[in-house]
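# I would like the atomic coordinates for the input below:
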Amino acid sequence: MRFSTPLLPAVLIRRYKRFLADIRFTDGTEATAHIANPGAMTGLAEPGTHIWVERNDDPKRKLRYSWQLVDHRTGHFTCVDTSLANRVVAEALAAGRIPEMSGYDVHRPEVRYGERSRVDFLLAGEGRRDCYLEVKSVTLSRLAGLAQFPDAVTARGARHLHDLAHEVNEGHRAVMLFLVMRTDITHTGIALDIDPAYGRAFDDAIRAGVEAIAYDCAIDPGGIAFGQKVALQV
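Numbering: from 1, shown residues only. Model (predicted):
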């Protein structure tokens, strides 16, 4: 996935109201950017953080810039725009980059299921059970090499797990794909201390037959590419 326009380097002044950030460009000018991330963004939103933003000239949008990446200044990057995870996975599905999803030639996005949910992708293939594929963007890292989900309490995420387990009980296949949207990670797991209820829902889903896999990404200011399988602690 390539960014629509070249990203611009900036420094974070502050994040506030969850979806807003004041930023300063290298020429000293300041602006307000949108953040497509409802989470806590622990360790990623400290004032002075080096970031990359995308300019948007759509007159229908109130803010001209969108915050896309954190530049860790070590050669590593984190994508903070959680909306991009599904785009990266959609490209990977179309290119046959996910071995666990092979054999499915129909990939329908955002299909209603369960009581109040939409599954990220409903996959279908000749002679195969329908597969409900849920994608989660993972950006939290508190220990070197370890990424964890979630970074904040997520009742919605727990509901998705219950709905996936229900689809397995109905005879379908269900997969939770954790997409690690940072480049300094070797393994991932569940942040039980942040959201114990999500951890219990995850364990229940695994016992019910929901599959869980994790992949990383290659990220730079030019774009994001689906990467390699990452060890998942379950």
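
# got the buried residues for stretch 208-219?
A208, V210, E211, A212, I213, A214, Y215, D216, C217, I219 (16 or more other C-beta atoms under 10 Å). Where C-beta positions appear, they are placed from N, C-alpha and C, glycine not excepted.

# so which of the residues you listed are in strands?
Under the assignment DSSP state E, these contribute E211, A212, I213, A214, Y215, D216, C217, I219 to strands.

# report the two of the residues you listed separated the most.
Spanning the widest gap among these are E211 and I219, at 25.2 Å by C-beta to C-beta.

# name the nearest of the buried residues of stretch 208-219 relative to A85.
The closest of the buried residues of stretch 208-219 to A85 turns out to be C217 (C-beta to C-beta; 8.8 Å).

# that closest one and R2: what is the separation?
Remark: distance between C217 and R2 (C-beta to C-beta, to the nearest Å) = 13 Å.

# domain map for this structure?
Split into domains by automatic domain parsing, the chain comes to 8-79, 84-232.

# how long is the first one end to end?
In this case it means domain 8-79. End-to-end distance for domain 8-79: 14 Å, by C-alpha to C-alpha, to the nearest Å.

# mean confidence for the helix of greatest length in the chain?
The residue-count maximum for a helix in the chain (DSSP state H) belongs to helix 155-169. Helix 155-169 carries an average pLDDT of 95.

# pretty sure A85 sits in a helix.
Yes: counting by DSSP: H, G, I helix; E, B strand; the rest coil, A85 is part of a helix.

# one step back: now tabulate the buried residues of stretch 208-219 in a markdown table and tack on pLDDT and distance to L44.
Formatted as a markdown table, those follow (pLDDT from 0 to 100; distance: C-beta to C-beta, whole Å):
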| residue | pLDDT | distance to L44 |
| --- | --- | --- |
| A208 | 98 | 33 |
| V210 | 98 | 28 |
| E211 | 98 | 29 |
| A212 | 98 | 24 |
| I213 | 98 | 24 |
| A214 | 98 | 19 |
| Y215 | 98 | 20 |
| D216 | 98 | 17 |
| C217 | 97 | 15 |
| I219 | 98 | 13 |
